[in-house]
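Novice: Kindly return the folded structure for what I paste below:
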Amino acid sequence: MTQHNISCVGIDVSKHKLDVAVSGQSTVHTLPYTPAGLRRVLSLVKQAEAALVCREATGGLERTLVEFLQEQGIDVAVVNPRQIRDFARARGPRAGTAGQD
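Specialist: Residues are numbered from 1 along each chain as shown. Here you go, the predicted model:
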């Protein structure tokens with residue numbers, strides 16, 4: 001049987017920075033939420049040959065990122081934060097900000 005390794009990228013967006021995590025890698029890249037930072041995100045996504053970029057909806061802060069990646073032909077899923085927390089709880093590890101439950 002052939003096994004396929006599918007890479008995904010998760011991005012946490014805040015007003016001034018982007019935290020980018022690639023599946024299978026332990027490093028989280030913290031980048032400025034600027035045009036240069038967006039170009040670096042695109043580079044990371046392409047290097048990972050990511051099948052999907054996933055991020056949670058954050059009241060509109062994600063729009064610039066999502067539009068930029070979609071313009072580059074990258075598939076982006078914007079998901080409900082509650083669904084992410086519920087999924088993480090089902091898998092076991094602690095999710096979200098420390099002390100937030």
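
Novice: what sits up against the helix or strand containing residue 69?
Specialist: Residue 69 belongs to helix 63-71 when assigned by DSSP states H and E. The contact list for helix 63-71 (Cβ atoms under 8 Å, 6 or more residues apart in numbering) reads 11, 13, 18, 33, 38, 41-42, 45, 53, 55, 76, 78. Using the backbone N, CA and C atoms, a C-beta is placed for each residue, glycine as well.

Novice: Give me the buried positions along the helix-or-strand element of the chain with minimal mean pLDDT.
Specialist: For the chain, using mean pLDDT, DSSP states H and E, the weakest element among its helices and strands is helix 81-91, scoring a mean of 76. Buried residues in helix 81-91, counting neighbours by 16 or more other Cβ atoms under 10 Å, are found at 84-85.

Novice: gap between that helix and the chain center?
Specialist: Its chain's average C-alpha position is 15 Å from that of helix 81-91, according to Cα atoms, centre = their mean, to the nearest Å.
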